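[1] Have a look at this prediction, sequence included:
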Amino acid sequence: MSKKLIAVASAVALAVTGLVATSSVAAVGPFDVVTTQASTRSLANTNGSTGDLEHTILVPSQDVLRFDDNTSSTTGTLLRYAVVTPTAGAAISVSAAGGGAKLISATQLAAGSLTSASGTATLSITSDTGGDAVFYAYTTSTSDSTITVSSAGASEIVYLKGTTGKANAYKLDFVASPSSSAPSGEITFTGTVKDMFGNTFTLAAGDVIVDGIGGNLAAGATQTEWAQNATTRVVTFKVANRSTVGAAAMSLKAHTTLGISGVITEVTAFGKPVTTNFFNVNAVDLSAQVTALTAQVAALTADYNALAAKWNKRVASKTAPKKAVATK
């Protein structure tokens, strides 16, 4: 081969090498964070920002973390985040704050056996040869969490919150007041129903029912003045006490609209569910109580006045170095 042909071949080889290198660099894009799948929730009409545009995912109510590429899935509890950096081998830092979000690496997910105790608030990962990296996130809270992703001075924040519902009812937390009333008087119940992570949710009248024992009290006592605070989700309602004088007991429990057919299934990691709240109440004749208390006061007053008279007599005889006291 002539020197001229060799020179041409060398130039072509260098050009091809340059094209390959250029192609490799061009495949790496600018810094970006993309939520590629929401597993159980469509990403339509969300962009990861605030203002009801947060990405959402089911809370892990069965204490299992799972990712599912199928957006129609109803069991996924992990979101997948794809990170694009301008260079291969780039160091990427991820941090979660607020709410109940935690981060899971691709390696952790591949290892399996993840629960709601898994994950961390911070994560360090490295982009691959194409400048890409992947991590996952879940949350146990229906409040907003922020996830901040940073690399080489670039940064992006996305927002995440969990969704839960009445089927996840796990703990009933109600109080009754007062502990006694006149026959047929009103007993007010105040409290919340929470899931296994302490999230409250919107309830409807009848989602909790009251059973009574004593007098005319029976199962499914009628609730009146039912209301729920839109912000705190605290529920209040009233139930009539027994219609005759005597002791009574009331229990508040989940209706079949809560839990699984009204039976709240225990998940070991979350402790025992609180399925029923018990209350001891009494129906008392208030007028009779007033009469009895009046008689007691009169008797105590008479006793006091008798002692005062004796004391004052000693004071008058100067056998006691004290002043006289007033009678009642």
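    Structure's in. What do you need?
[2] Can you give me the buried ones in the helix ranked longest in the chain?
    The helix that spans the most residues within the chain, counting by DSSP state H, is helix 286-316. Using 16 or more other Cβ atoms under 10 Å as the test for burial, helix 286-316 gives residue 312. Yep, even glycine has a C-beta here, placed from its N, CA and C like the rest.
[3] and that helix, average pLDDT?
    The pLDDT scores in helix 286-316 average 81.
[4] hey, C-alpha coordinates of stretch 133-140 in CSV?
    Coordinates of each C-alpha in stretch 133-140 appear next as CSV, following Å, rounded to 0.1, in the frame of the first residue of the first chain:
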residue,chain,number,x,y,z
ALA,A,133,-29.1,6.6,37.7
VAL,A,134,-32.2,5.3,39.4
PHE,A,135,-33.6,5.4,42.9
TYR,A,136,-37.0,4.7,44.5
ALA,A,137,-39.1,6.4,47.2
TYR,A,138,-42.1,5.6,49.3
THR,A,139,-44.0,7.5,52.0
THR,A,140,-46.0,6.7,55.1
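[5] Now do the same contact list for the spatially most central residue of the chain.
    Residue closest to the average C-alpha location in the chain (Cα atoms, centre = their mean): residue 199, at 1.9 Å. By Cβ atoms under 8 Å, 6 or more residues apart in numbering, the contact set of residue 199 is 59, 140, 141, 142, 162, 164, 168.
[6] which two in those are spaced the farthest apart?
    Within these, 141 and 168 form the most distant pair, 12.9 Å apart (Cβ to Cβ).
[7] overlap in contacts of the two?
    Counting by Cβ under 8 Å, 6+ apart, the shared contacts of residue 141 and residue 168 are 59, 199.
[8] between these two, which one's more packed in?
    A count of neighbours by other Cβ atoms under 10 Å puts residue 168 above the other of residue 141 and residue 168, at 21 against 18.
[9] Just want to check the distance between the more buried one and residue 86.
    42 Å (Cβ to Cβ, to the nearest Å).
[10] Then residue 94?
    Distance of residue 94 to residue 86, computed by Cβ to Cβ: 17 Å.
[11] Out of those two, name the residue with the larger neighbour count.
    A count of neighbours by other Cβ under 10 Å puts residue 94 above the other of residue 94 and residue 86, at 23 against 16.
[12] For that one, give the beta-bridge partners.
    When bridges are called by DSSP bridges, residue 94 pairs up with residue 123, residue 149.
[13] Who's the closest spatial neighbour of residue 100, skipping the chain neighbours?
    Closest residue to residue 100 apart from its sequence neighbours, by Cβ to Cβ, 6 or more residues apart in numbering: residue 141 at 3.3 Å.
[14] The one you found touches residue 160, doesn't it?
    No. Applying Cβ atoms under 8 Å as the test, residue 141 and residue 160 come out as separate, 9.4 Å apart.
[15] tell me, what's touching those two both at once?
    Residues touching both residue 141 and residue 160 (Cβ under 8 Å, 6+ apart): 99, 101.
[16] Kindly provide the distance from the residue lying closest to residue 281 once chain neighbours are set aside to residue 155.
    The shortest distance from residue 281 to any non-neighbouring residue, by Cβ to Cβ, 6+ apart, is to residue 248 (5.0 Å). Remark: distance between residue 248 and residue 155 (Cβ to Cβ) = 62 Å.
[17] In terms of packing, which of the two has more residues around it?
    A direct count of neighbours by other Cβ under 10 Å for residue 248 and residue 155 places residue 248 higher, at 21 against 12.
[18] Let's test this: mean pLDDT of the strand or helix carrying that one, rounded?
    Per DSSP states H and E: residue 248 is located in strand 246-254. If you average the pLDDT over strand 246-254, you get 91.
[19] helix, strand or coil for residue 125?
    At residue 125 the chain is in strand, as set by DSSP: H, G, I helix; E, B strand; the rest coil.
[20] thought it was touching residue 103?
    No. Residue 125 lies out of contact with residue 103 (Cβ under 8 Å); the separation is 9.4 Å.
[21] which residues do those two both contact?
    94, 135.
[22] Please report the distance of residue 278 from residue 292.
    From residue 278 to residue 292 the distance is 29 Å (Cβ to Cβ).
[23] and the residue nearest to residue 100, helix, strand or coil?
    Put simply, residue 141 is coil when judged by three-state DSSP.
[24] which ones are touching it?
    Neighbours of residue 141 in contact, by Cβ under 8 Å, 6+ apart: 59, 99, 100, 101, 161, 162, 197, 199.
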